[in-house]
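Undergrad: need a structure here:
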Amino acid sequence: MKLNEPADIWRLKGTWNVRLYNPYIKESWINELGVMLKSTPISNFALRQDFERQLASYCGCEYTVAVNSGTSAILIGMIAMGLKQGDTVIGPNYGQIAWANACRFLGINVIALDVREDNFCLNENLVDAYLTLHSGKVQAVCYINQGGYTGSQLEDCVDVCKKHNVIFLEDSCNAIGQWYNEKHAGTFGDIGFISFGVPKLLTCGEGGAILIKDEATYKICDDIAYQGGWYAPPMHSRLNLGINFVMPAHNAYFLSKQLEDINELLEMRDNVSAMYSFGGLNLRRFHQAPSIYEYYSKQPLKVLQKGSSLKTQFLLKSYATINKWVNDLNIPTPVSIDLEEHILTLPASLDLDQNSIDMVLAAIKLGEL
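TA: Sure thing, here's the model as predicted:
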């Protein structure tokens, strides 16, 4: 099987018996959203602010700012941390490209280093070595909690950044509900980010949030997110520079209903992981539970082909190596390159049944022969 077109890789169109991801939406969420839309102005900022306080309470941080995407959250957070054109940020060569695109948008230099084999996250030893060799030339490190990983190695990377006095940006976009040492993902570094895009556990299609520790940083993020601030309604009083990245009120309300049920959703996701594991699939364990996003296949193209014949959807190259697209630095990243060529994203709908899991397992078994 040869891949010639992006459509061959993504395979998001067509008729499938088992799709990669179908958002799980409870009838109660729809009903409550309908009532809200009929009774409350659709631009009511109080709904977003209520969700921000609810999310901050859940994650154990002082403040959050809800915005229109996880990428917007990263962009705003970088600005709030004082990063600017000509600065340099280190990040993982394997993972979502959002952090690198935010850097490029701001004119920040991107250094993509290799990841670890055990959790697919930025290798703290390589970060330490690079910061030692290039002392004073790097302003920040962006760590991605790949597959939702939140564990001791995350703390090790934070310690490396403290040692070298650089900013630690924690991209926890896929790690809502993940904890380590009684701390939630996104609260270990100087600032953190969460995404509510598909296929995140909580989703409104597109959305994101910034997790913030102090009032001064919160004020900067909030100003940037909505036109520089609006402090004296009903009079407009935009005091600073900003752009409209704000999350719509109905999205925030919809997410607030999901957050109320997050323990149920976490249990459903763990049940899906358990069905894969009980079926004999050797999934990587990323701290709390096996990842349903990261399956290492010896013959991924054959698995794709068998999946297609069984109308079962997989995703290859969902996380491409950054250096290939961003720069031509000759930095060896063998683990990242190997993962890009072999990692398949598995169907991950929260309400997958045993028949669907069996179809996925059959495609993998036939493809790996």
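
Undergrad: what is the burial count for residue 278?
TA: 11 (other CB atoms under 10 Å). No exception for glycine: its C-beta is placed from N, CA and C like everyone else's.

Undergrad: residue 216 too?
TA: For residue 216, using other CB under 10 Å, the count is 10.

Undergrad: quick one, helices of the stretch 1-150 of the chain?
TA: 6-10, 27-39, 45-59, 70-80, 98-106, 124-133 (DSSP state H, counting those that start in this stretch).

Undergrad: now those helices as a markdown table including mean neighbour count and mean pLDDT?
TA: Listed next are these as a markdown table, based on neighbours: other CB atoms under 10 Å; pLDDT from 0 to 100:
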| stretch | mean neighbour count | mean pLDDT |
| --- | --- | --- |
| helix 6-10 | 13 | 46 |
| helix 27-39 | 12 | 93 |
| helix 45-59 | 18 | 95 |
| helix 70-80 | 26 | 97 |
| helix 98-106 | 21 | 95 |
| helix 124-133 | 17 | 98 |
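
Undergrad: for those, give me TSV that also has distance to residue 295.
TA: Shown next, in TSV, are these (distance: least, CB to CB, whole Å):
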stretch	distance to residue 295
helix 6-10	16
helix 27-39	30
helix 45-59	28
helix 70-80	23
helix 98-106	22
helix 124-133	25
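
Undergrad: for residue 184, which of these is the nearest?
TA: helix 45-59 (4.3 Å; CB to CB).

Undergrad: got the contact list for the nearest residue to residue 197 once chain neighbours are set aside?
TA: Distances taken as CB to CB, 6 or more residues apart in numbering put residue 206 closest to residue 197, at 5.1 Å, once the chain neighbours are dropped. Listed by CB atoms under 8 Å, 6 or more residues apart in numbering, the contact set of residue 206 reads 68, 69, 196, 197.

Undergrad: any stretches of the chain with poor pLDDT?
TA: Along the chain, the parts satisfying pLDDT under 70 run over 1-14, 230-239, 284-291, 328.

Undergrad: related to what we said a few turns ago, looking at the helices of the stretch 1-150 of the chain, which is nearest to residue 265?
TA: Of all the helices of the stretch 1-150 of the chain, helix 27-39 sits nearest to residue 265, with 11.1 Å by CB to CB.

Undergrad: and the spatially closest residue to residue 56 that is not a sequence neighbour, what is it in contact with?
TA: Take residue 56 and drop its neighbours on the chain: the residue closest to it by CB to CB, 6+ apart is residue 64, 4.5 Å away. Shown here is residue 64, whose contacts under the criterion CB under 8 Å, 6+ apart are 52, 53, 55, 56, 209, 210, 211, 212.

Undergrad: residue 357 too?
TA: Shown in contact with residue 357 (CB under 8 Å, 6+ apart): 272, 275, 276, 279.

Undergrad: switch the cut-off to 6 Å
TA: Applying CB atoms under 6 Å, 6 or more residues apart in numbering to residue 357 gives the contacts residue 275.

Undergrad: I'd like the distance between it and residue 256.
TA: Between residue 357 and residue 256 the computed distance is 31 Å (CB to CB, to the nearest Å).

Undergrad: SS state for residue 194?
TA: Here residue 194 is recorded as strand under DSSP: H, G, I helix; E, B strand; the rest coil.

Undergrad: walk me through the domains of this protein.
TA: Domains of the chain are assigned by automatic domain parsing as 6-24+262-367, 27-260.

Undergrad: any idea how far the first one is from the chain center?
TA: Okay, so that is domain 6-24+262-367. With CA atoms, centre = their mean, to the nearest Å as the basis, domain 6-24+262-367 stands 16 Å off its chain's centre.

Undergrad: ok so, going back, could you give the bridge partners of the residue nearest to residue 56?
TA: Applying DSSP bridges to residue 64 gives these bridge partners: residue 211.

Undergrad: what residue is smack in the middle of the protein?
TA: residue 173 (2.5 Å; CA atoms, centre = their mean).

Undergrad: that residue belongs to a helix, doesn't it?
TA: No - using three-state DSSP, the assignment for residue 173 is coil, not a helix.

Undergrad: I figured it hits residue 70, correct?
TA: Yes - Residue 173 lies in contact with residue 70 (CB atoms under 6 Å); the separation is 4.2 Å.

Undergrad: which neighbours do those two have in common?
TA: 193, 195.
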